[in-house]
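> give me the fold of what follows.
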Amino acid sequence: MKNVDTFLFDLDGTLLPMDLDEFTRLYFCEIGREFKDIMEPETLVKYIWSCTKDMISNTERRTNEEVFMDSFAKLVGEDKLNFYRERFDRFYDTAFLKTKKCIGSVPCIRESVYILKDKGYQVAIATNPLFPEKAILHRIRWAGLKPEDFIYISCYERNCYCKPNKEFYEEVLEEIGKKPEQCIMVGNDVQEDLIAGCLGMKTYLITDYLIHRTGEPIKCTYKGTYQDFYRFVMGLPALASVLSLKRQQAE
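Numbering: from 1, shown residues only. Next up is the predicted model:
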């Protein structure tokens with residue numbers, strides 16, 4: 001743990017306890033209902049998946065929002081894009097909120113974040129930036145946390161790369177001004193989260209909602225349940241800056 005002063009957190013299945021398949025089903029159900037007056041739900045789902053794949057495969061320095069909307073415009077027509085963009089924006093303020101019913105509650109993961117902050121560690125959200133910022137901010141609050149708790153929040157308006165591309169993690173490190181050895185990536189997805197380790201970052205695999213798509217051996221620095229992670233955080237030393245401040249306050 002020498003030199004580590006920052007924790008990067010995934011959202012789905014990590015800070016946000018959830019069954020991803022259940023969330024995906026409900027998400028597409030709600031967005032299909034929201035758009036059904038202008039497009040068949042099956043067609044909309046196909047279009048969204050196609051544009052999402054384009055975001056994930058993108059290697060250019062373009063935001064994920066730009067990639068998604070450019071791809072979507074090719075499917076619906078450039079002249080209709082602003083109309084659809086406004087409808088998407090409205091969806092994330094309204095029907096999207098119904099997906100909260102998929103979210104569980106694990107107080108110890110929320111408490112872990114606050115313990116880290118109390119000990120002087122910085123915390124950041126490194127969720128796969130496939131959603132608009134407003135959707136991600138909703139989800140942070142659903143986890144019982146506040147956006148201002150974090151020094152950085154990934155989202156599709158901000159980021160140019162997606163998981164499992166290592167460029168995503170390079171981008172996050174660049175934006176927060178950290179070196180890999182200063183960070184621990186905490187997530188539940190073997191393929192999407194543990195790839196951060198190839199940059200020299202330590203990783204902690206949360207196993208409660210584990211996602212592992214292949215039979216490859218799992219390589220991580222640490223792993224365990226939510227409770228294990230809570231105990232791990234409890235056992236961490238406070239950073240020197242915090243100890244110094246406490247000594248000054250005691251004098």
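> please parse the chain into its domains.
6-18+103-250, 20-100 (automatic domain parsing).
> most packed of those?
With neighbours defined as mean count of other Cβ atoms under 10 Å, the domains of the chain peak in mean count at domain 6-18+103-250, which reaches a mean of 18. (Each C-beta comes from the backbone N, C-alpha and C, glycine too.)
> hey, where'd the helices end up in this structure?
Assigned by DSSP state H, the helices in the chain fall at 20-35, 41-57, 64-76, 81-93, 107-118, 133-142, 166-176, 190-193, 226-234, 240-250.
> now do the contacts for Ala95.
30-31, 33-34 (Cβ atoms under 8 Å, 6 or more residues apart in numbering).
> which ones are touching the residue nearest to Met185 when sequence neighbours are not counted?
Closest residue to Met185 apart from its sequence neighbours, by Cβ to Cβ, 6 or more residues apart in numbering: Ala196 at 3.9 Å. Ala196 makes contact with 8, 166, 169, 180, 183, 185, 203, according to Cβ under 8 Å, 6+ apart.
> so, low pLDDT: which residues of the stretch 151-251 of the chain?
242-251 (pLDDT under 70).
> no no, the stretch 1-150 of the chain
Using pLDDT under 70, nothing in the stretch 1-150 of the chain is flagged.
> farthest pair within the contacts of Ala95?
Ile31 and Arg33 (7.3 Å; Cβ to Cβ).
> separation between Pro237 and Lys119?
7 Å (Cβ to Cβ, to the nearest Å).
> same question but for Ile109, I mixed them up
In terms of Cβ to Cβ, Ile109 sits 16 Å off from Lys119.
> check Ala143 too.
Ala143 is 20 Å from Lys119, by Cβ to Cβ.
> and Phe91, by the same measure?
On the measure of Cβ to Cβ, Phe91 and Lys119 end up 39 Å apart.
> then Phe96?
34 Å.
> who's in contact with Phe7?
So Phe7 contacts 116, 121-124, 183-184, 186 (Cβ under 8 Å, 6+ apart).
> between those, which is closest to Arg87?
So of the contacts of Phe7, ranked by how close each gets to Arg87 (Cβ to Cβ), first place is Ala124, at 30.9 Å.
> looks like that closest one contacts Phe9 (just checking).
Yes: Ala124 is within contact range of Phe9, at 7.0 Å (criterion: Cβ atoms under 8 Å).
> which ones are touching the closest residue to Leu199 other than its chain neighbours?
Nearest non-adjacent residue to Leu199, counting by Cβ to Cβ, 6+ apart: Pro180, 4.4 Å away. For Pro180, the contact set (Cβ under 8 Å, 6+ apart) comprises 169, 173, 196, 199-201.
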